[in-house]
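**Q** Need coordinates for the below:
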Amino acid sequence: MPEQKFTMIFKKPVPPSEGGYPGFKPRTEKARGMVIEYDAAVKMRDSTKIYIDLFRPEKEGKYPVIVCWGPYGKQGRPTIYSLMGNTGLNDEDFNKYTGFEAGDPVYWCRNGYIIINADPRGAWNSEGDLTFMSPQETEDCYDLIEWAGTQNWSNGKVGMQGVSYLAWTQWKVAALNPPHLAAINPWEGVSDFYRELSYHGGIPETHFRNTWQSSITYSTTRIENFIEMADEHPLFDDYWASKNADLSKITVPAFVVASWTDHGLHNRGTLEGFKKIASRDKWLIVHGRKKWWHFYQKESVERQRQFFNRFLKGIDNHVKDWPKVTLEIREKCYVGNIRTENEWPLKRTRYTKLFLNAGKGELSKSPFKKEAQARYNVNDFNDKTQNARFEFESEKKTEITGYMKLKLWVQADGSDDMDLFVAIEKIDRAGYLVPFPFFGNHDDGPAALGWLRVSHRELDEEKSTPYQPFHKHQRELKLKAGEIVPVEIEIWPSSTLFERGEKLRVVVQGSDIYAYPNERHTNEHTATVNKGLHIIYTGGKYDSHLLVPVILTE
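**A** Take a look at the predicted model:
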């Protein structure tokens, strides 16, 4: 394992018994056609023991193995979905063997697979210190895969499956190319832990990370204090780099699933993963529904099975004929059309500039000659009426699918920095906001979101594209008094259909535009640098514009 260039901060754990852990008790049982080995020990290369629950078909044989690796508890905690509320899932949808964000062992054993639910090093009763997406954790996952691929009940083929953290792990370990890893199925997973989880556009996320840390605190040793580590590392550095996989090194067959709805968490990272992995056999589905609900739908599970049948069992099935990309083109909440494509992003995209006019609050395909300003006050964090809005009315049926970029010329009056929050919204012909599913358990979200702390505006020119700016986040460039600067804001990928007469709206303000302060599962960004006034300059020499990915439908 490479030498660590930073000092890890640890915190005391919560005893596993307080998290619903049934107690450490290695044993073998039979139930529902399965042989279940609970709390089975697996030695890592340094002799540290981690513990797994192993589910295999009762009939003797050699079977492919699916590994589900995450810190939430191998004992299964499916009631989390109902506790969060409005996820589309209920307690009765699950049996007691199903791990959080993992596959159902009863189903997979019935279909000739072995399931391993693992507690990583330091999680629950496993030995060692618990760290998250670290080189140590990745090395351990590699060791488990190789162990599973060489047991007498294994056919030598190992796959990985799961949502969120269980997908994050797949990016990391697949980049190491374990010999027995034969297929991965990352289902909505961050792949850049600075830009997608902790610092959106350089603005610290202050709610989800706290909720997440509280759900992964169960251990008998000590755990990484992710919140303190994030605060100690506000810029992209070796700490964050250690958590990110080199996606270009992934060559294993991959069935990747993303959603338009998970802005502020998995949307960007999953699509970046699909774009950047080097796998010859790879497929992408992007839906507009809630992530957990979509993962457990019968149609989704059947797709998972067919994928693993091909690459873990060697069955020459119709997977080879799957379209490379399948997209849901959204119209409104739970209404959209499915279309297949050959690539992502779409080659036929017509990137179109919509210029901002601060004087009239409008967007136009033609630049405005007259300079104008939009101002809003940011002193009251809770005042959501203080913002700038710009609208464009669609002249014909138009599809916006892909990456957007908002270029602004901005000034901070009363501060040396600015936190900019951006939402893309759809307005129907009657003037009403069209809501979309959002962040796993909301039904009233935006079409897309973007963020930027202006002192983080420095671009990596090599990694940026005309439609997707890539910010370095390696130093702060504070504003001078009266300084007006151009910024490019990455708008996370989306797909929305606009009928003639419907409007696209851009909202810019100094705090979260979509806020759910009493919700467990949401984003918040309360540690802003804002004060005074934000000023947006448009027209004339100020080419403030929204770049949109137009896919013509007529």
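**Q** quick one: stretch 239-247 to chain centroid distance?
**A** Distance, stretch centre to chain centre, for stretch 239-247: 15 Å (Cα atoms, centre = their mean, to the nearest Å).
**Q** make that stretch 237-246, sorry
**A** 16 Å.
**Q** again, but for stretch 488-506
**A** On Cα atoms, centre = their mean, the centre of stretch 488-506 falls 20 Å from that of its chain.
**Q** strands paired with the longest strand anywhere in the chain, and their directions?
**A** As assigned by DSSP state E, the longest strand anywhere in the chain is strand 398-413. Next to strand 398-413 in the sheet, as set by DSSP bridges, lie strand 485-498 (antiparallel), strand 533-538 (antiparallel), strand 545-552 (antiparallel).
**Q** Between these, which one is closest to R389.
**A** Ranking these by proximity to R389 (Cβ to Cβ) places strand 533-538 first, at 10.8 Å. Yep, even glycine has a C-beta here, placed from its N, CA and C like the rest.
**Q** picking up where we left off before, following the chain onward from the longest strand of the chain, which element is next?
**A** strand 419-427 (DSSP states H and E).
**Q** hang on, the earlier thing: pull out the buried residues from the longest strand of the chain.
**A** By 16 or more other Cβ atoms under 10 Å, the buried positions in strand 398-413 come out as 398-412.
**Q** Could you identify the most distant pair in those residues?
**A** Among these, E399 and A412 lie farthest apart (Cβ to Cβ), at 36.0 Å.
**Q** sorry, back to before: by mean pLDDT, show me the worst of the strands paired with strand 398-413.
**A** Mean pLDDT is lowest for strand 545-552 among those, at a mean of 95.
**Q** what comes up buried for that strand?
**A** Using 16+ other Cβ under 10 Å as the test for burial, strand 545-552 gives 545-551.
**Q** gap between the residue lying closest to W124 once chain neighbours are set aside and Q136?
**A** Leaving aside its chain neighbours, W124 sits nearest to P16 (4.8 Å; criterion: Cβ to Cβ, 6 or more residues apart in numbering). According to Cβ to Cβ, to the nearest Å, P16 and Q136 sit 20 Å apart.
**Q** pLDDT score for the residue nearest to W124?
**A** On the pLDDT scale, P16 is placed at 93.
**Q** Quickly note the distance from it to M8.
**A** P16 is 22 Å from M8, by Cβ to Cβ.
**Q** Extract the C-alpha trace of the strand or helix carrying G450 and format it as PDB.
**A** Using DSSP H and E, G450 maps to strand 448-453. Extracted C-alpha coordinates of strand 448-453, given in PDB (Å, rounded to 0.1, in the frame of the first residue of the first chain):
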ATOM      1  CA  ALA A 448     -30.500  20.400 -12.800                       C
ATOM      2  CA  LEU A 449     -28.200  22.100 -10.300                       C
ATOM      3  CA  GLY A 450     -24.800  23.700 -10.300                       C
ATOM      4  CA  TRP A 451     -22.500  25.400  -7.700                       C
ATOM      5  CA  LEU A 452     -19.400  27.500  -7.500                       C
ATOM      6  CA  ARG A 453     -17.400  29.300  -4.900                       C
END
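**Q** now what about it, what contacts it?
**A** Strand 448-453 has contacts (Cβ atoms under 8 Å, 6 or more residues apart in numbering) with 200-203, 260, 263-264, 404, 406, 417-424, 471, 487, 489-494, 496, 513-514, 525, 529.
**Q** Contact partners for Q468?
**A** Contacts of Q468 (Cβ under 8 Å, 6+ apart): 403, 405, 490.
**Q** Same list, those residues, but as a markdown table with distance to I216 please.
**A** Shown next, in a markdown table, are the contacts of Q468 (distance: Cβ to Cβ, whole Å):
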| residue | distance to I216 |
| --- | --- |
| Y403 | 31 |
| K405 | 34 |
| E490 | 28 |
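**Q** The residue nearest to W124 and Y218 touch, don't they?
**A** Yes - in terms of Cβ atoms under 8 Å, P16 counts as a neighbour of Y218; the distance is 4.8 Å.
**Q** Could you name every residue contacting both of the two?
**A** Jointly contacting P16 and Y218 under the rule Cβ under 8 Å, 6+ apart are W124.
**Q** Which one's more surrounded, the two?
**A** A direct count of neighbours by other Cβ atoms under 10 Å for P16 and Y218 places Y218 higher, at 24 against 21.
**Q** For G122, see how far away the more buried one is.
**A** Y218 is 10 Å from G122, by Cβ to Cβ.
**Q** hmm, back to that, any idea of the mean pLDDT in the strand holding G450?
**A** Averaging pLDDT residue by residue across strand 448-453 gives 98.
**Q** sorry, back to before: list the contacts of the residue nearest to W124.
**A** 124-125, 218-220.
**Q** Over to H521?
**A** Contacts of H521 by Cβ under 8 Å, 6+ apart are 84, 208, 211, 439-441.
**Q** Also Y239?
**A** 6, 229, 232-233.
**Q** So among those, where is pLDDT lowest?
**A** F6 (95).
**Q** Just give the closest residue to A182, not the sequence neighbours.
**A** K157 (4.3 Å).
**Q** Please identify which helix or strand holds the one you found.
**A** strand 154-163.
**Q** now for that strand, which elements pack on it?
**A** strand 63-69, helix 135-148, helix 165-174, strand 181-187, helix 291-296, helix 298-312 (3 or more Cβ pairs under 8 Å, 6 or more residues apart in numbering; DSSP states H and E).
**Q** of all those, which lies closest to Y432?
**A** Nearest to Y432, of all the helices and strands packed on strand 154-163, is helix 291-296, at 25.4 Å by Cβ to Cβ.
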